[in-house]
Each structure stands twice: as C-alpha cells, then as structure tokens.
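# I'll drop the sequence and a predicted model, then ask my questions.
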Amino acid sequence: MSLLASHSGHFLEAGLDEAGRGCLAGPVFAAAVILPPDFSPRFLNDSKQLTAKRREALRPEICAEAVAWAVGQASVEEIGSLNIAQASYLAMHRAVAALPVVPEHLLVDGNRFRPLVGFSHTCIIGGDGLYRSIAAASILAKTFRDEHMEALAAEYPAYGWTQNAGYPTQSHRAAILAHGPTPHHRMGFRLL
C-alpha cells in the first residue's frame with residue numbers, strides 16, 4: 001500500500017512524529033515535515049518498519065526535497081518535570097516553531113496532542129504508516145535522536161546506546177545495575 005500525500009488537502013500540511021518516548025535515557029525528539037505533493041520516494045514508511053541503513057539513506061533525500069522540515073527535542077530534565085507525554089508535545093511544538101515555512105495544518109501521529117495556538121491539527125493513530133509527511137517525520141526524529149545517543153555513547157560506552165539508543169533492553173538494564181544511572185537517564189522511569 002502506498003502512503004497518502006495529504007489528509008486535510010492543504011498544500012502546507014506538516015506531519016509530526018516523535019522518537020524516544022519509551023527510552024530509559026536521553027531526550028525525546030520530534031520532527032515536523034512539510035512535503036511537496038509529488039514526493040514519494042521508494043521505501044518511505046514508518047521508521048520502525050525500516051532498517052537503520054534505509055532510514056539513513058532516506059534522511060538526506062527528505063531533507064533535500066521537503067518544502068520545510070525541523071527537529072525539536074525535550075530534555076531529560078523536562079521529561080522529569082512535565083512527564084513523557086507533555087515533553088513529547090513540547091518537542092513537537094518546538095519542531096513546528098522551528099519550521100521556516102508556517103504550516104496550514106498539523107497531521108500528528110498518535111491519538112493525543114496538546115493543541116498549538118494558531119494551528120488546526122488532526123491526530124492519526126498509526127499515521128506514520130499511512131501518510132508520507134508523518135513517515136518522513138518519524139524517520140527524521142528517529143535518525144536525529146539515534147545520532148544524539150551515539151554522541152552520548154562516546155562519553156558513556158558501558159550502556160550500549162549505539163545499539164539500543166536508550167531503549168530498555170536487557171543489556172541496557174544490566175549496565176544500569178552494574179554502573180548505576182548516568183545524568184542522561186530518566187530517573188522517573190523504572191530503570192531496573
């Protein structure tokens with residue numbers, strides 16, 4: 001099934017998605033992407049359905065061809081003070097605010113979103129597997145977050161962040177047990 005170009009019919013419809021919501025460490029990232037209506041590269045899909053190599057190949061194509069794109073994030077401290085859902089919305093709001101073009105409508109992956117003043121929005125459950133702009137946003141959010149976690153891994157190699165990106169794998173939990181949490185761990189989450 002090929003992904004849909006638009007939900008609202010607006011040319012400047014921005015797809016929004018986040019990455020890192022279920023992680024034990026690191027910020028939550030979000031991306032906002034406005035695509036031209038004819039942009040439909042081969043293999044474009046929900047980032048979770050793609051290999052890391054395919055996501056990395058699609059990222060420069062999305063960045064080059066998009067009408068506009070931006071990435072936002074919310075810190076571990078913000079996740080701790082707000083909660084992960086609110087921090088995810090904050091990261092999405094920051095991504096929209098950073099867009100060099102103002103979107104006419106926001107198409108959000110998931111079932112909830114904190115409305116952004118001045119913007120209409122539609123939430124789509126599983127939207128990253130249905131709409132091109134959300135799929136593109138999922139790829140950017142994931143690849144930029146993975147890159148960030150790889151940079152942190154250079155400082156904290158014991159936690160395997162180059163492989164697990166901060167997600168709660170067995171080896172990540174074993175490293176937390178052995179070495180304790182880092183300043184990048186989300187202390188409000190069940191780490192062990």
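Right, received. Where do you want to start?
# low pLDDT regions in this structure?
Across the chain, the ranges flagged by pLDDT under 70 are 1.
# please enumerate the helices of it.
Using DSSP state H, the helices of the chain run over 52-65, 76-82, 84-98, 132-155, 161-164, 170-179.
# what residues of the last one count as buried?
Translated: helix 170-179. For helix 170-179, the neighbour count (16 or more other C-beta atoms under 10 Å) marks 172-173, 175-176 as buried. C-beta: built from backbone N, CA, C; applies to glycine.
# identify the residues contacting it?
24-25, 158-161, 163-164, 166, 185, 191-192 (C-beta atoms under 8 Å, 6 or more residues apart in numbering).
# now the fifth one
Contact with helix 161-164 is made by 25-26, 149-150, 152-153, 169, 171-172, as judged by C-beta under 8 Å, 6+ apart.
# for Glu18, state which of the residues you listed is nearest.
Set against Glu18, the nearest of the contacts of helix 161-164 by C-beta to C-beta is Gly26 (12.4 Å).
# now for that closest one: which residues touch it?
20, 76, 145, 148-149, 152, 161, 165-166, 184.
# can you add neighbour count and give those residues back as a markdown table?
Below are these laid out as a markdown table (neighbours: other C-beta atoms under 10 Å):
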| residue | neighbour count |
| --- | --- |
| Gly20 | 29 |
| Val76 | 22 |
| Arg145 | 25 |
| His148 | 21 |
| Met149 | 25 |
| Leu152 | 20 |
| Trp161 | 27 |
| Ala165 | 24 |
| Gly166 | 26 |
| His184 | 21 |
